[in-house]
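Trainee: no sequence on this one, just coordinates:
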């Protein structure tokens, strides 16, 4: 793993963290509150989640994208990174959300269907930045 991959992952993590704050914490806060079951609300940490742990999760997802792009997919543009990031994160979230819906009583089917779309948006933003950073300085 080289410095460019690490910088790309860091850029993606910051983008994912900030977009998550805007989307989940502000724009759709009431939607998720309305679509979380009582059992789901009972297991939440309360008003304030552990922010450093959220950032570590964002970094892990972004590192996954950066490694995929640099080692196997040769993605080094904003557009290519955004498209790949949207699909990868949509499919990861879709699988995880349906596994959660099937085995835990934490959210509604509506939440299960909306969350992967949000992850696709975040994946496009982070993936685009990751692709751009990986391609920065490359000659065309």
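Mentor: Okay, I see it. Note that the structure is predicted; figures quoted are calculated from it, not measured.
Trainee: Contacts only, for residue 4.
Mentor: 70, 133-134, 136 (C-beta atoms under 8 Å, 6 or more residues apart in numbering). Using the backbone N, CA and C atoms, a C-beta is placed for each residue, glycine as well.
Trainee: before we move on, what about residue 37?
Mentor: With the criterion set at C-beta under 8 Å, 6+ apart, residue 37 makes contact with 105-108.
Trainee: picking that back up, may I ask which of the contacts of residue 4 has the most neighbours?
Mentor: Top of the contacts of residue 4 by neighbour number is residue 134, holding 25 neighbours under the definition other C-beta atoms under 10 Å.
Trainee: Which strands and helices lie in contact with the helix or strand encompassing that one?
Mentor: Assigned by DSSP states H and E, residue 134 belongs to helix 109-135. With contacts taken as 3 or more C-beta pairs under 8 Å, 6 or more residues apart in numbering; DSSP states H and E, helix 109-135 sits against helix 3-20, helix 51-67, helix 78-103.
Trainee: could you dump these to a markdown table with distance to residue 127 and mean pLDDT?
Mentor: A markdown table is the format used below for the helices and strands packed on helix 109-135 (distance: least, C-beta to C-beta, whole Å; pLDDT from 0 to 100):
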| stretch | distance to residue 127 | mean pLDDT |
| --- | --- | --- |
| helix 3-20 | 7 | 98 |
| helix 51-67 | 5 | 98 |
| helix 78-103 | 2 | 98 |
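Trainee: just so I know, which of these lies nearest residue 27?
Mentor: Distance to residue 27, taken as C-beta to C-beta, is lowest for helix 3-20 among those, at 10.0 Å.
Trainee: Report the angle between the closest one and helix 109-135.
Mentor: Relative orientation of helix 3-20 versus helix 109-135 (axes from the mean of the first three to the mean of the last three C-alpha atoms, to 10 degrees): 150 degrees.
Trainee: After helix 3-20, which helix or strand is next?
Mentor: helix 29-34.
Trainee: who wins for proximity to residue 36 among the helices and strands packed on helix 109-135?
Mentor: helix 78-103 (11.6 Å).
Trainee: got the angle between that closest one and helix 109-135?
Mentor: Using the same axes, to 10 degrees: helix 78-103 against helix 109-135 is 150 degrees.
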